[in-house]
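# Using only what follows, build the 3D model:
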Amino acid sequence: MNWKVLISAGAFWSHGRAANDRLLAAGCKPIQSATPGPLGDQDLIPQLAECDAVIASSDTYSEPVLRECPNLKVISRWGVGIDSIDLKAATEAGIVVTNTPGAMVDAVADYTFGLLLSIARRIPEGDALMRSGGWAELPGTLVYGKTLGLVGAGLIGREVAKRAAGFNMRILAYDPNGNPSGAPGIEFVSLDQLIAESDFVSIHAPSLPETQGMFNAARFAQMKRSAFLINAARGALVNEPDLLEALQKGTIAGAAIDVYANEPLPPDHPLRSAPRCVLMPHNASMAVETMERMSMLAAENVLTYLQGDRPKFTCNSDVWESKNLRYAAKPGL
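Numbers count the residues shown, from 1 in each chain. Model prediction:
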């Protein structure tokens, strides 16, 4: 069959050549979105109307989008986060949703520790100063021997902990899902204790109704004035106006941010001029090896389903019981 697969994940086209070849060999017609994602309803609907599948950026897959795209059978998320997908609506519509867990763990863990070092030792400031012709002392903060607080101790949080162990850091963790097993060297504590005692607070929790906005003025007031916030998880977890005020008033020592409530971050957003703040354009997973692997996994999720089997990384397993399942190549699928 000639399955049409929209690809809104921009990195797929730059680093997914092998994955694209795999789709073509299986009889798919990969279609590059007019602009790379994340895409909204108005951009998605006309492009998805005749497509069987999408390899998706963090686009908004709302109930109207799913309703207006009757041929869509599978949303294969290029990445892990599925908070931009109305999972309930997808399940009710009989659309399978998949993601690529595990593929980006090392890349995000490396990047997180890079952000931590950058804000502690003021590395971006030094680079900007040198490029402008300047020269000055920029006193930073030691990382070695300090306390790191991990908000979220899943796969990524635990990999960050391994890197922190090499810096002889005390590692505290709070996990919204409880204390996971198999996390040696990590001391699980309450969120209040973690925030009060940590020199660096690094967020690795998912965006859920109960975690959105969890870092607000009250939480920043609990942190040490010498402490730093690092967020390479989800922008929705941080109240950005409160963060801006905390940076301006010196309530915390600084922040390193890779994700935002609305992306891309508007050019005139006040965070762009915030003091003591390292800003990056949501690049934590953008290691070449990781992008190649995620592209292949996303393509394999599409092909596994369209060729008649259940993808390993299905996010809405209830869909298999739906009478509205849009595609079932094998009886009993």
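# Name the spans of the stretch 51-200 of the chain whose pLDDT lies under the cut-off.
Counting by pLDDT under 70, the stretch 51-200 of the chain shows low-confidence ranges at 179-182.
# where exactly do the helices run in it?
63-68, 87-93, 105-121, 123-131, 155-165, 191-197 (DSSP state H, counting those that start in this stretch).
# who wins for proximity to residue 21 among the ones you listed?
Of all the helices of the stretch 51-200 of the chain, it is helix 105-121 that lies closest to residue 21, at 22.9 Å by Cβ to Cβ. In this view, the C-beta of every residue, glycine as well, is placed from N, C-alpha and C.
# Buried residues in the closest one, which are they?
By 16 or more other Cβ atoms under 10 Å, the buried positions in helix 105-121 come out as 105-116, 118-121.
# Render the CA-only coordinates of it in PDB, please.
Output in PDB follows, covering the C-alpha atoms of helix 105-121 (Å, rounded to 0.1, in the frame of the first residue of the first chain):
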ATOM      1  CA  VAL A 105      18.200   9.600  27.800                       C
ATOM      2  CA  ASP A 106      21.900  10.000  27.500                       C
ATOM      3  CA  ALA A 107      21.700  13.100  25.300                       C
ATOM      4  CA  VAL A 108      19.400  14.900  27.800                       C
ATOM      5  CA  ALA A 109      21.500  13.900  30.800                       C
ATOM      6  CA  ASP A 110      24.700  15.100  29.100                       C
ATOM      7  CA  TYR A 111      23.000  18.400  28.200                       C
ATOM      8  CA  THR A 112      21.500  18.900  31.600                       C
ATOM      9  CA  PHE A 113      24.900  18.700  33.200                       C
ATOM     10  CA  GLY A 114      26.300  21.000  30.600                       C
ATOM     11  CA  LEU A 115      23.600  23.600  31.500                       C
ATOM     12  CA  LEU A 116      24.500  23.100  35.200                       C
ATOM     13  CA  LEU A 117      28.200  23.800  34.600                       C
ATOM     14  CA  SER A 118      27.400  26.700  32.200                       C
ATOM     15  CA  ILE A 119      25.300  28.600  34.700                       C
ATOM     16  CA  ALA A 120      27.500  27.800  37.700                       C
ATOM     17  CA  ARG A 121      30.800  28.900  36.000                       C
END
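# Identify the residues contacting it?
123-124, 140-143, 148, 155-156, 159-160, 162-164, 200, 202, 204, 228, 230, 232, 254-256, 258, 276-278, 280, 283-287, 289-290 (Cβ atoms under 8 Å, 6 or more residues apart in numbering).
# just the buried members of the residues you listed?
Among these, those buried by neighbour count (16+ other Cβ under 10 Å) are 124, 141, 143, 148, 155-156, 159-160, 163-164, 200, 202, 204, 228, 230, 232, 254-256, 258, 276-278, 280, 284-287, 290.
# Ramachandran angles for the residue sitting nearest the centre point of the chain?
Geometric centre of the chain, nearest residue: residue 233, 5.1 Å, by Cα atoms, centre = their mean. Backbone geometry at residue 233, expressed as degrees, to the nearest 10, gives phi -100, psi -80.
# So that it lines up with my notes, have the first residue be 43 from now on.
Noted, 43 is the first residue going forward, which turns the last one into residue 275.
# and residue 248, what is it in contact with?
Residue 248 makes contact with 123, 125, 194, 218, 275-276, according to Cβ under 8 Å, 6+ apart.
# no no, residue 348
Residue 348 neighbours (Cβ under 8 Å, 6+ apart): 43, 45, 68, 70, 94-95, 115-116, 369, 371.
# most surrounded residue in those?
Among those, the one with the most neighbours (other Cβ atoms under 10 Å) is residue 95, at 31 neighbours.
# Now do the contacts for that one.
Here residue 95 is in contact with 45-48, 70, 114-118, 344, 347-348 (Cβ under 8 Å, 6+ apart).
# please redo it, this time with the cut-off set to 6 Å
Contact partners of residue 95, counting by Cβ atoms under 6 Å, 6 or more residues apart in numbering, are 47, 116, 344.
# Over to residue 168?
Residue 168 is in contact with residue 180, counting by Cβ under 6 Å, 6+ apart.
# How about residue 240?
189, 191.
# and if we set it to 10 Å?
Taking Cβ atoms under 10 Å, 6 or more residues apart in numbering, we find residue 240 in contact with 188-193, 211-214, 216, 231, 265-266, 269-271.
# Then residue 185?
Neighbouring residues of residue 185 by Cβ under 10 Å, 6+ apart: 155, 158-159, 161-163, 206, 209-211, 241-242, 270.
# on that earlier part again, quick check, nearest of the contacts of residue 248 to residue 135?
Of the contacts of residue 248, the one sitting nearest to residue 135 (Cβ to Cβ) turns out to be residue 125, at 18.1 Å.
# Pretty sure the closest one sits against residue 276.
Yes. When contacts are counted by Cβ atoms under 10 Å, residue 125 is listed as touching residue 276 (6.8 Å).
# between those two, who's got more neighbours?
The neighbour comparison of residue 125 against residue 276 (other Cβ under 10 Å) goes to residue 276, with 22 against 15.
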